[in-house]
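>>> compute the structure for the input listed below.
(2 chains, ligands or ions: 2)
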Amino acid sequence: MLQRDKDTICAVSTPQGHGGISVIRVSGPRALDVSRALCRFLPKNPESHKAYFGTLTTKDQQVEIDEVLALPFLGSKSFTGEEVVEISCHGNPILVQWILKELVTSGARLAERGEFTYRAFMNGKLDLVQAESVLSMIESQTQQSAQQSLRQLKGGLSEVVENIENELTWCLAHLEASIDFSQEGIEIVSSDELKLRLSKIKTSVDDLMKSYTAGRILREGLQIALAGVPNVGKSSLLNSLMGEEKAIVTDVPGTTRDLVEGAFILGGVRVLLSDTAGLREAQDKVEKIGIQKSLLRQKEADYILFAFDVSREFSEEEAKILEAYPTDKVFLIGNKLDLIGGDTQKATQILKKSPSLSNFFSRIANPEQFFKERVFFVSTFDKKSVDSLRNALSKHVEMSQIEDQTLIMQTRHFENLVKVEALIRAARELVSQDSSAEFIALELKQALILIQEILGKRFDDQIMDRVFKEFCIGK
Amino acid sequence: MSLYDYDLIVVGAGHAGIEACLVGARLGLKTLMVTTNTDRIGYMSCNPSIGGLAKGHMVREIDVLGGEMGLAADATCIQFKRLNSRKGPAVRGSRVQSDKHKYSAFMKKALQNEKHLAVLQGEVKKVLLNGKTCEGVVLQDGSEIRSKAVVLTTGTFLNGVMHVGMTQTPGGRIGDQASHGLSDQLLEAGFEVKRLKTGTPARLHKDSIDWSKTIPQFGDDRFYPFSFKSPHAYQLDQIACYLSRTTEKTHEIIRNNLHLSPMYCGIIEGVGPRYCPSIEDKVVRFADRDSHQTFLEPEGLDSDLIYLQGISTSLPLEVQDQFLRTIPGLENVQVVRYGYAVEYDYFEPTQIWHRLETRPIQRLFLAGQINGTSGYEEAAAQGFVAGINAAHAILNRPEFVLNRDQAYIGVLIDDLVTKGTREPYRMFTSRAEHRLVLREDNTIDRLADLSIKIGLHGAEAVDLLNDLRQRRQDLHEKLQNTKIYPNAETQEKLLSLKTSPLLKSVSYEELLRRAEVDSQSLASLGFDIDLDPNVCEPVEIQVKYAGYIKKQNELIEQTRRLEGLILPDHISYSDIKGLSTEETEKLSRIRPRTLGQAQRISGVNPSAIQAIMIYLKSRRLAGEELPLGKQSK
Ligand SMILES: Cc1cc2nc3c(=O)[nH]c(=O)nc-3n(C[C@H](O)[C@H](O)[C@H](O)COP(=O)(O)OP(=O)(O)OC[C@H]3O[C@@H](n4cnc5c(N)ncnc54)[C@H](O)[C@@H]3O)c2cc1C
Ligand SMILES: Nc1nc2c(ncn2[C@@H]2O[C@H](COP(=O)(O)OP(=O)(O)O)[C@@H](O)[C@H]2O)c(=O)[nH]1
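Numbers count the residues shown, from 1 in each chain, chains lettered A, B, ... in the order given. Ligands and ions are numbered 1, 2, ... in the order given. Predicted structure coming up:
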């Protein structure tokens, strides 16, 4: 909104989709600072209109996200008339979302629709003809924006957010009443009740943040677990997928004892790939711990890569393990293809006819499609076959994310929820310290405004109305 | 001989009327007050008290700006309490119980002391209209009095009807005639006129009460007068009030007689106040409560009458007698005046500008209960603002509008003209979104500059204001610039104050931030501190709550840009693309003066605000001259 005109904003300025290159635009008084937090290669005093090449990392510099071009426009010599940095990265939507998320972490805010044009307009960067054409565009968009944000909240979620709104309003109404009707000689709300309600609100906010898959994936990355009986080549797969040695490879069954994991970028998303200890009756303690851990991991995992050895019959034991996973998470990876001469056709036939797998396939609605999309044959000795597995997985990750068109809105919501969570925590702390109600109310009012922004509503007289509906007031 | 008999005419001698005509007269205008009853000037129609939460804030604001209410309340105070004294500084409120008759007498004298002011007993039947401009009033005998501006402060009197049980009597309040004619004329002139109602409790004879069954309630030892000009000592003897409670039996009687209560059987059309509900209301709405408290408040030092706070009613006399006797202490009570409700006309306040001038008719100002408010302080605040603006219009000076981040008075008026009201509007701290900076203690800091500019105070009061501000500033600077060092002596003293010893030298300001330390403790530590409560208290609050105040100021800063964007008077909302029909209708009717106000109109969405802003920008880009009205202060 308008009072936020001084914020530094960011957004993708190239059309959504799979272009080769995406341009992310950062504009506002802190554009350079914010960009430099991720693009460490940018000098302190860069030249205007000069492109700098380097690796963009997360704000904590733990992960390299992409190789990018950063192009600063200093002073008012930019499209918007304020300091601007344009970051060109690879044209993958997930990657772009991730970079945006990091920019937000570094102090930018996601731009509203048309906000760049709006700023350009406000700063006199457009002439009247240009201005009028963008104006009619903005007008038609702003008109819908409130309903839009509401619509973009998926059914169940908007209910949850509305609940949070109600709970906040309840707390505020009672706090206000405890101030304005303190002379009535009644306790309006106890601090224990208030604390309890605030904790509940906080839990809902926490849950909400978790429930945004996009939010979570952007935040935590995608979890992929490697499963399979010992010695089928899981550690080898992990290593070759990541391109570096992470797990120990031996010929003795059961030597991958500890959970070994590594992060890498797949389809623009940070992936946490975890190898698991061999799944079989464990003999020693260390291994047992490893197995338990891996079982846990597999439950949390978004995808399970179930590896088996194509040179051997698919065993009953393997089939039993497979039963435990939801079919929509499972990928079957037939390894050691080199041992049967690289014959994928043959491997497929064997698999389809495997008696121990018949039960598994019967659980799948469309086995043909499953074979096309979810079954892969590789040899970890053959770099090409691993590359094509990686590409296939990458496509899959992208596809599943792109279906989610509300990604930007959700990141915006997420941004608000993070603030709300902090405000609720502060409010709860104040209640514990027995602070006066008006200070607690200040925190909660801010939180309410943020929640109502998510719902596309305005802050109204709701609190007052609630106060008078619920309380007896004299003079 | 001038075309005009007077510069300014104020109709009504209630709390609004008094402030309005005093402002006019004090600014040198030849002013006339017309009222139906000169024996009831500044009469307290209901409760014998001034102030309270949020209301006390407004009394202090009126006082600093140069109004009379605070002085009158201080001089006639018979019990003082600082409410919410254990809560934060922004929500404390001063309340004075006044000797009702002395209060009226004080106000009458204040009027008599003004040499430019005349008071006339008479009923105004009409205003004189010349096209769309008001030029005076017409009295009941048909005589015309001409003036350059008129302020109407007729309270509960317009087409007033009093209800007791099924009995209805025309009247503005007990002992006063209703006033007919004015609202009919204005209705015809195109004003929207609606009905409201309000009630008052019975007055009891003090000798008929068994006081032993009640709990005495005393006032505070320390007096914080409303006015910066008043002495810090009580001027009259202080009395106690007495607490009692309704019983199950009381509620039963009331429930059984609801059909005889005019508001429950549909006789009264007007909406009643949610904030001072009648006892009938309370019993119905809060059915789960088996008791409501009531304070028995003497109406004055020499008065035999006791006001029964919280028990306003319009039930028939015999029912009142019956249920009152079920309240402990009132078993044999003698009622001197029964409770009643009054139903009256008010003007939907979205028809007035912030300066309280009506939109349809120039030079006609409305203030007080006529605008749908309830309460003396709300009335006085509006009377004051209407008075200044009427005077400024006559004197050709800029309008006087207080912002929401400047004063409760600003919140009050902005709420009224932006949202209108469908029930009697009463002020609350929760209505002020910038409450943490609108405190009683910093009223002078907020408003002294404005006040001096208005020019209602004499030189002595101005010196006093400047002196207080200077001393506050000096003290604050001294606290910042003086350090306390950790030596054996100070450490020991700190321990005796139950606060932890120093690790290194700190400023006294730093030390004062500690919860256990106050101004008094600083004095005991050898800091030479100005202990005048009007100096050390506000500074202490400013220091202790600096963090919250800063936060609030940041929020204010966020809203300022919109508040600063003045909307031209002639803006045509139907030309703006992107507004819904409802938004266009509301904006055209309410005609907000700033974009910030537009945003507060319910039903106007954020997208509309953006659309308006874009429209304005593009007009200016197209070279259209937009008078971005100067915001007068
Ligand atoms: C029965 C009753 C119950 C109330 N209950 C409450 C309550 O519970 N809480 C609360 O906050 N407030 C209550 N009040 C309201 C409170 O008294 C008013 O809010 C406040 O007094 C309004 O001030 P005012 O200046 O607007 O009008 P008033 O104090 O009503 O003064 C109006 C003045 O106008 C004069 N006048 C009217 N018509 C004409 C005319 N045509 N010509 C000349 N003079 C005229 C009258 O003589 C009077 O002097 C109650 C009032 C009444 C009567
Ligand atoms: N022939 C062949 N051997 C492989 C292949 N991948 C892994 N191996 C071997 O299989 C054995 C077990 O591998 P490992 O990764 O430790 O299996 P894990 O127990 O499933 O983790 C090692 O000796 C590997 O060298 C493959 O693609 N082809």
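
>>> who's in contact with the closest residue to residue B:190 other than its chain neighbours?
Counting by Cβ to Cβ, 6 or more residues apart in numbering or on different chains, residue B:190 lies nearest to residue B:360, which is 5.2 Å off, once chain neighbours are set aside. (C-beta placed from N, C-alpha, C; glycine too.) In this structure, residue B:360 makes contact with B:132, B:189-191, B:351, judged by Cβ atoms under 8 Å, 6 or more residues apart in numbering or on different chains.

>>> and residue B:360, how far is that from residue B:179?
Shown here: residue B:360 relative to residue B:179, a distance of 20 Å by Cβ to Cβ, to the nearest Å.

>>> residue A:208 too?
Using Cβ to Cβ, one gets 58 Å for the distance from residue A:208 to residue B:179.

>>> the more surrounded of those two?
In this comparison of residue A:208 against residue B:179, neighbours counted by other Cβ atoms under 10 Å in any protein chain shown, the higher total goes to residue B:179 at 26 against 21.

>>> that one contacts residue B:122, correct?
No: with the criterion set as Cβ atoms under 8 Å, residue B:179 and residue B:122 do not qualify as a contacting pair; they are 10.9 Å apart.

>>> pipe the contacts of residue B:360 into CSV and attach neighbour count, secondary structure and pLDDT per row.
Conversion of the contacts of residue B:360 to CSV gives the following (neighbours: other Cβ atoms under 10 Å in any protein chain shown; DSSP: H, G, I helix; E, B strand; the rest coil; pLDDT from 0 to 100):
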residue, neighbour count, secondary structure, pLDDT
B:132, 14, coil, 95
B:189, 15, coil, 94
B:190, 12, coil, 93
B:191, 20, coil, 96
B:351, 21, helix, 95
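
>>> and of the residues you listed, the nearest to residue B:465?
Closest approach between the contacts of residue B:360 and residue B:465, by Cβ to Cβ: residue B:351, at 35.4 Å.

>>> for that closest one, what are its contacts?
When contacts are counted by Cβ under 8 Å, 6+ apart, residue B:351 touches B:191-192, B:358-360.

>>> contacts with ligand 2 among those residues, please.
Taking Cβ under 6 Å from any ligand atom, there is no overlap between the contacts of residue B:351 and the neighbourhood of ligand 2.

>>> same for the longest helix seen in chain B, what does it pack against?
Within chain B, and with DSSP state H defining each element, the longest helix by residue count is helix B:459-481. The criterion is 3 or more Cβ pairs under 8 Å, 6 or more residues apart in numbering or on different chains; DSSP states H and E, and the helices and strands that helix B:459-481 contacts are helix B:443-454, strand B:506-507, helix B:508-512, helix B:533-544.

>>> and the second one, how far out from the chain middle?
Shown here is strand B:506-507, whose average C-alpha point lies 41 Å from the average C-alpha point of the whole chain (Cα atoms, centre = their mean, to the nearest Å).

>>> mind listing what the one helix or strand residue A:54 maps to pairs with, with the direction of each?
Per DSSP states H and E, residue A:54 falls inside strand A:52-57. Taking DSSP bridges as the criterion, strand A:52-57 forms sheet pairs with strand A:64-73 (antiparallel).

>>> contacts for the partner strand?
The set of residues external to strand A:64-73 that reach it, using Cβ under 8 Å, 6+ apart, is A:31-32, A:35, A:38-39, A:41-42, A:46-58, A:79, A:83-90, A:95, A:98-99, A:102, A:265.

>>> how close does residue A:240 get to ligand 1?
According to Cβ to the nearest ligand atom, to the nearest Å, residue A:240 stands 81 Å off from ligand 1.

>>> tell me which element that residue is part of?
helix A:234-242.

>>> same for that helix, what does it pack against?
Contacts of helix A:234-242 with other secondary structure elements, assessed using 3+ Cβ pairs under 8 Å, 6+ apart, are made with strand A:222-227, strand A:260-266, strand A:269-275, strand A:303-309, strand A:330-335, helix A:383-402.

>>> of those, which is nearest ligand 1?
Distance to ligand 1, taken as Cβ to the nearest ligand atom, is lowest for helix A:383-402 among the helices and strands packed on helix A:234-242, at 60.1 Å.

>>> related to what we said a few turns ago, is it possible to get CSV of the contacts of residue B:351 that adds distance to residue A:392?
Below are the contacts of residue B:351 laid out as CSV (distance: Cβ to Cβ, whole Å):
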residue, distance to residue A:392
B:191, 75
B:192, 71
B:358, 75
B:359, 71
B:360, 75
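
>>> mark which of those residues are part of helices, please.
Filtering the contacts of residue B:351 for helices - DSSP H - leaves nothing at all.

>>> mind listing what the residue of chain A at minimum distance from chain B touches?
Of chain A, the residue with the smallest distance to chain B, taken as Cβ to the nearest Cβ, is residue A:436 at 3.3 Å. Applying Cβ under 8 Å, 6+ apart, one finds that residue A:436 lies in contact with B:87-88, B:91.

>>> hmm, who's touching stretch B:472-489?
Contacts made with stretch B:472-489 from outside it, assessed by Cβ under 8 Å, 6+ apart, are listed as B:445, B:490, B:501-509, B:511-512, B:522, B:525, B:527, B:529-530, B:535-536, B:538-539, B:542-543.

>>> alpha carbons of that stretch, as PDB, please.
Extracted C-alpha coordinates of stretch B:472-489, given in PDB (Å, rounded to 0.1, in the frame of the first residue of the first chain):
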ATOM      1  CA  ARG B 472      10.200  19.600  31.200                       C
ATOM      2  CA  GLN B 473      12.700  20.000  28.500                       C
ATOM      3  CA  ASP B 474      15.400  21.100  31.000                       C
ATOM      4  CA  LEU B 475      14.800  18.200  33.200                       C
ATOM      5  CA  HIS B 476      14.900  15.700  30.400                       C
ATOM      6  CA  GLU B 477      18.200  17.100  29.100                       C
ATOM      7  CA  LYS B 478      19.600  17.100  32.600                       C
ATOM      8  CA  LEU B 479      18.700  13.400  33.000                       C
ATOM      9  CA  GLN B 480      20.400  12.600  29.800                       C
ATOM     10  CA  ASN B 481      23.500  14.600  30.500                       C
ATOM     11  CA  THR B 482      24.100  13.800  34.200                       C
ATOM     12  CA  LYS B 483      25.900  10.600  35.100                       C
ATOM     13  CA  ILE B 484      25.700   8.500  38.300                       C
ATOM     14  CA  TYR B 485      28.900   6.700  39.300                       C
ATOM     15  CA  PRO B 486      29.200   3.400  41.100                       C
ATOM     16  CA  ASN B 487      30.700   4.200  44.400                       C
ATOM     17  CA  ALA B 488      30.000   2.600  47.800                       C
ATOM     18  CA  GLU B 489      27.400   5.200  48.700                       C
END
